[in-house]
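Undergrad: Fold the following.
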Amino acid sequence: MKILFVCTGNICRSPTAEGVARRWLAMAGLEDVVGVDSAGTQGYHSGEAPDPRAQTAALRRGYDLSRLRARKVQPKDYADFDLVLAMDRDHFNYLRDRAPDGCKHKVRMFMSFARSSRRDDVPDPYYGGAKGFDAVLDLCEDAVQGLIEDILPEVNRRRQSVS
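TA: Alright, predicted model coming up:
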């Protein structure tokens, strides 16, 4: 299974979600069967590392984002990924509008997997202070835990069909 997290520039929210997912999937023993990546709806940060504030906040919680590099969503991503998760409603609309007819069902709101938070969107911390990056981490941890719970039956079904 492959999951893509998407925000605007792929330097704050989506790489944070990717970093959190990588660690939680590893803790669940699923890193060998669930792949994750992140991308942006815009390509103006392509090739750049995540925002230093995002990296600092993530590192304080044990998530290393330093190896991640921004990229723009590509048309082939819709075929390559099982889930394309939008960080906010604008991203969702952008992704759904561009998804091929057979792939529209793959585009979902990331926060729809959250167990504690009732927010629809992960707010963009870019123009705010450090607390915004911690808030993004809180939301990502909540939604990633729910995501893992949600996909576990499908992951197990795929494992059994390969055995």
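
Undergrad: Can you point out the buried residues in the helix or strand of the chain with the lowest mean pLDDT?
TA: Lowest mean confidence among the helices and strands of the chain (mean pLDDT, DSSP states H and E): helix 130-162, at a mean of 93. Buried positions in helix 130-162, judged by neighbour count with 16 or more other C-beta atoms under 10 Å: 132-137, 139-148, 151, 155. Using the backbone N, CA and C atoms, a C-beta is placed for each residue, glycine as well.

Undergrad: Repeat that for stretch 92-101.
TA: Under 16+ other C-beta under 10 Å, the buried positions of stretch 92-101 are 92, 94, 95, 96, 99.

Undergrad: and the least confident helix or strand of the chain, what does it pack onto?
TA: helix 13-27, helix 52-60 (3 or more C-beta pairs under 8 Å, 6 or more residues apart in numbering; DSSP states H and E).

Undergrad: Can you say which of those is packed in most?
TA: helix 13-27 (a mean of 24; mean count of other C-beta atoms under 10 Å).

Undergrad: What mean pLDDT does it get?
TA: Averaged over helix 13-27, pLDDT sits at 98.

Undergrad: can I have it written out in PDB, keeping just the CAs?
TA: What follows is helix 13-27, C-alpha atoms only, in PDB (Å, rounded to 0.1, in the frame of the first residue of the first chain):
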ATOM      1  CA  ARG A  13       2.400  20.100   6.600                       C
ATOM      2  CA  SER A  14       2.800  17.200   4.200                       C
ATOM      3  CA  PRO A  15       6.400  16.400   5.000                       C
ATOM      4  CA  THR A  16       5.500  16.500   8.700                       C
ATOM      5  CA  ALA A  17       2.700  14.000   8.000                       C
ATOM      6  CA  GLU A  18       5.100  11.900   6.100                       C
ATOM      7  CA  GLY A  19       7.700  11.900   8.900                       C
ATOM      8  CA  VAL A  20       5.100  11.100  11.500                       C
ATOM      9  CA  ALA A  21       3.600   8.300   9.300                       C
ATOM     10  CA  ARG A  22       7.100   6.800   8.700                       C
ATOM     11  CA  ARG A  23       7.800   6.500  12.400                       C
ATOM     12  CA  TRP A  24       4.300   5.300  13.400                       C
ATOM     13  CA  LEU A  25       4.300   2.700  10.600                       C
ATOM     14  CA  ALA A  26       7.700   1.500  11.800                       C
ATOM     15  CA  MET A  27       6.500   1.200  15.400                       C
END
